[in-house]
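In: quick one: sequence and predicted model below, then my questions.
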Amino acid sequence: MTVQSSSIWPLRVAAGVAVIFGLLTVVSGGRALFGGPAAVAAVGDAVPFVLWFNFLSGFVYVLAGLGLALGRRWAVMLSAGLAATIAAVFALFGLYIFQGAAFEMRTVGAMGLRLVVWVAIAAVAARHIASHKAGDRVDATRR
């Protein structure tokens, strides 16, 4: 079963955003984790568990984006799982801040952005993929 090409554009956009967001996350996280002294200094008071989570999840963002581009049902669950784990890490980060630990305010904004983006991607995926019968694949490659 395929859906009409006019209704597939939100899924294509979500897939593209997921892949680009993932690649940017891997590059920026990798630079912060593995860059030289200047890169590490530029990070400031980064929170290690948040930094590592974001870096590693960037690879999963790319995988989810590719799954969405292919119209795979598992990509819906992966997208929802990403949104849930981002929310959990954001909550843990909030507890970390509440305990008086040093942090960068830009991390709050970045985590908020990640959460909003992945909730939106998961919603688009659910609407355009999960609503189809089991075993069906949405043909996101049709024009």
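Out: Nice, I can see it. Numbering: from 1, shown residues only.

In: and the residue nearest the centre of the protein?
Out: The residue lying closest to the centre of the chain (Cα atoms, centre = their mean) is Y61, at 4.6 Å.

In: show the contacting residues for T25.
Out: N54, F55, S57, G58, Y61 (Cβ atoms under 8 Å, 6 or more residues apart in numbering). Placement of C-beta: from N, CA and C, glycine included.

In: out of these, which sit inside helices?
Out: If you go by DSSP state H, the contacts of T25 have N54, F55, S57, G58, Y61 in helices.

In: farthest pair within those?
Out: Spatially, the most separated pair among the ones in helices among the contacts of T25 is F55 and Y61, at 10.9 Å (Cβ to Cβ).

In: burial count for Q99?
Out: A count of neighbours around Q99, defined by other Cβ atoms under 10 Å, yields 7.

In: all helices in this protein, in order from the N-terminus.
Out: Listed in chain order, the helices of the chain (DSSP H) span residues 9-34, 37-43, 48-69, 74-98, 105-125.

In: off-centre distance for the second one?
Out: In other words, helix 37-43. From the chain centre to the centre of helix 37-43 is a distance of 24 Å (Cα atoms, centre = their mean, to the nearest Å).

In: buried residues in the helix or strand bottoming out on mean pLDDT in the chain?
Out: Within the chain, no helix or strand scores below helix 37-43, which has a mean of 87 by mean pLDDT, DSSP states H and E. Judged by neighbour count (16 or more other Cβ atoms under 10 Å), helix 37-43 contains these buried residues: V43.

In: helices or strands up against it?
Out: Secondary-structure packing of helix 37-43 (3 or more Cβ pairs under 8 Å, 6 or more residues apart in numbering; DSSP states H and E): helix 9-34.

In: who wins on neighbours among the contacts of T25?
Out: Highest neighbour count within the contacts of T25, by other Cβ under 10 Å: Y61, with 27 neighbours.
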